[in-house]
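Visitor: Starting from these lines, generate the structure:
(one chain, ligands or ions: 2)
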Amino acid sequence: MISIVVPIYNEESLIEELFERTITAISKITDSFEIICVDDGSNDNTLNKLVSFHKQENRFKVLSLSRNFGHQRAILAGLSYAKGEYIGIMDGDLQDPPELFGKFYSKLENEFQVVYGIRKKRKESIIKKFAYWMFYRILKSWSEIDIHLDSGDFSMFTREVLNEMLSMPEQSVFLRGMRSWVGFRQTGVEYERNRREKGKTKYSIRKLLQLAANGIFSFSYVPIKFLGHLGITIILFSIIYAIYIIVKKLFYGNMPQGFTTLILVIIFFSGIQLVSIRILGEYIVRTYKETKKRQLFIIKDKFL
Ligand code: UDP
Ligand code: MG
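Guide: Ligands and ions are numbered 1, 2, ... in the order given. Okay, here's the model as predicted:
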């Protein structure tokens, strides 16, 4: 059996197409499947539409969250209800083509436990493309996991991988990182990520930055190590400068003057200290969140 998890937030204009295309694409693989749509607290007609399709086809299942918990947690809610042996994740806006699951599945059957989509061409604005490009490269070089460049959540994996992912206790959910962290045999399939046909993106620049910070802070200790490197570099500089001044004083008898320089140095290092405290604070806040151990999502209604 195959389970496909689809997070959906205010996508009323897309539900018909989502239903038709996903059912058709998955039916080509097997008749034994379930599509689990997670309504992430939509405030338009999304939930009603989903439920009416559920009445028409009971393999099209709907979970409704009590409020908007965000893309990552919505997926997690769906994953926790998936019954299949093979589990797929795709966005509800059809930017990830469901037709590709056939290819994912054939690779899973053979030798792999995880198959993920690699976005070959993004049809987005230049700024967004550049931001994504930068982010994945930073994450790759900083993080301790081997995360593939330009892979998103669009993927399919086996039950054993899902079980491992679900037993990760973290509060800050970064699925593509978690999927990579668990290991097993993984491979990517290139695809062209389509432009969104209808509706608007739910990821504002702020939310994207949050997701990016999540990826970096959850899977890397580079920011905190960086503070150490920076400190040592500054100390070295100041020692060299001190030697220079002493030598100058001994041989030429003059001390450097410079009120302006002094003020600049003080301001500069005050800035560095504040940024450092901010980075430390990020780890503290994250530790605090983890210790609170709140539930990650609340399911209000189930149409299974
Ligand atoms: N989504 C969600 N909860 C949110 C934001 C988004 O379930 O709080 C869903 C959204 O409906 C879509 C998917 O997550 O199906 C990806 O979101 P979006 O297309 O807005 O992101 P983008 O493709 O622009 O990165
Ligand atoms: Mg999208």
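
Visitor: okay, and for the stretch 151-300 of the chain, where does confidence drop off?
Guide: Of all residues in the stretch 151-300 of the chain, those with pLDDT under 70 make up the ranges 256.

Visitor: Now do the helices in it.
Guide: Under the criterion DSSP state H, counting those that start in this stretch, the stretch 151-300 of the chain contains helices at 159-166, 175-181, 205-219, 222-252, 259-292.

Visitor: Just send those helices back as JSON lines, with distance to residue 194 too.
Guide: (Each C-beta comes from the backbone N, C-alpha and C, glycine too.) Below are those laid out as JSON lines (distance: least, C-beta to C-beta, whole Å):
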{"stretch": "helix 159-166", "distance to residue 194": "26"}
{"stretch": "helix 175-181", "distance to residue 194": "19"}
{"stretch": "helix 205-219", "distance to residue 194": "19"}
{"stretch": "helix 222-252", "distance to residue 194": "33"}
{"stretch": "helix 259-292", "distance to residue 194": "34"}
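
Visitor: for the residue nearest the centre of the chain, phi and psi?
Guide: Among the residues of the chain, the one closest to the centroid is residue 174, at 4.4 Å (C-alpha atoms, centre = their mean). With angles defined as degrees, to the nearest 10, residue 174 sits at phi -130, psi 90.

Visitor: Is any residue of stretch 31-41 near ligand 1?
Guide: Yes. Using C-beta under 6 Å from any ligand atom, stretch 31-41 reaches ligand 1 at residue 40.

Visitor: How about the residues of the protein by ligand 2?
Guide: 93, 95 (C-beta under 5 Å from the ion).

Visitor: if we can go back for a sec, how about the helices of the stretch 151-300 of the chain, which one is nearest ligand 1?
Guide: For ligand 1, the closest of those is helix 205-219, at 7.2 Å, according to C-beta to the nearest ligand atom.

Visitor: now that closest one against helix 222-252, angle please.
Guide: 80 degrees (axes from the mean of the first three to the mean of the last three C-alpha atoms, to 10 degrees).

Visitor: Now tell me what touches helix 205-219 from outside.
Guide: Residues from elsewhere that reach helix 205-219 (C-beta atoms under 8 Å, 6 or more residues apart in numbering): 70, 72, 131, 135, 138-139, 142-145, 147, 170, 172-174, 176-177, 181, 203, 222-223, 282-283, 286.

Visitor: For that helix, buried residues please.
Guide: For helix 205-219, the neighbour count (16 or more other C-beta atoms under 10 Å) marks 211-219 as buried.

Visitor: possible to save those as CSV with distance to residue 188?
Guide: As requested, the buried residues of helix 205-219 are exported to CSV (distance: C-beta to C-beta, whole Å):
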residue, distance to residue 188
211, 20
212, 20
213, 24
214, 21
215, 17
216, 21
217, 24
218, 21
219, 18
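
Visitor: re the thing from before, how about the helices of the stretch 151-300 of the chain in JSON lines, adding distance to ligand 1?
Guide: Converted to JSON lines, the helices of the stretch 151-300 of the chain look like this (distance: least, C-beta to the nearest ligand atom, whole Å):
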{"stretch": "helix 159-166", "distance to ligand 1": "18"}
{"stretch": "helix 175-181", "distance to ligand 1": "12"}
{"stretch": "helix 205-219", "distance to ligand 1": "7"}
{"stretch": "helix 222-252", "distance to ligand 1": "24"}
{"stretch": "helix 259-292", "distance to ligand 1": "18"}
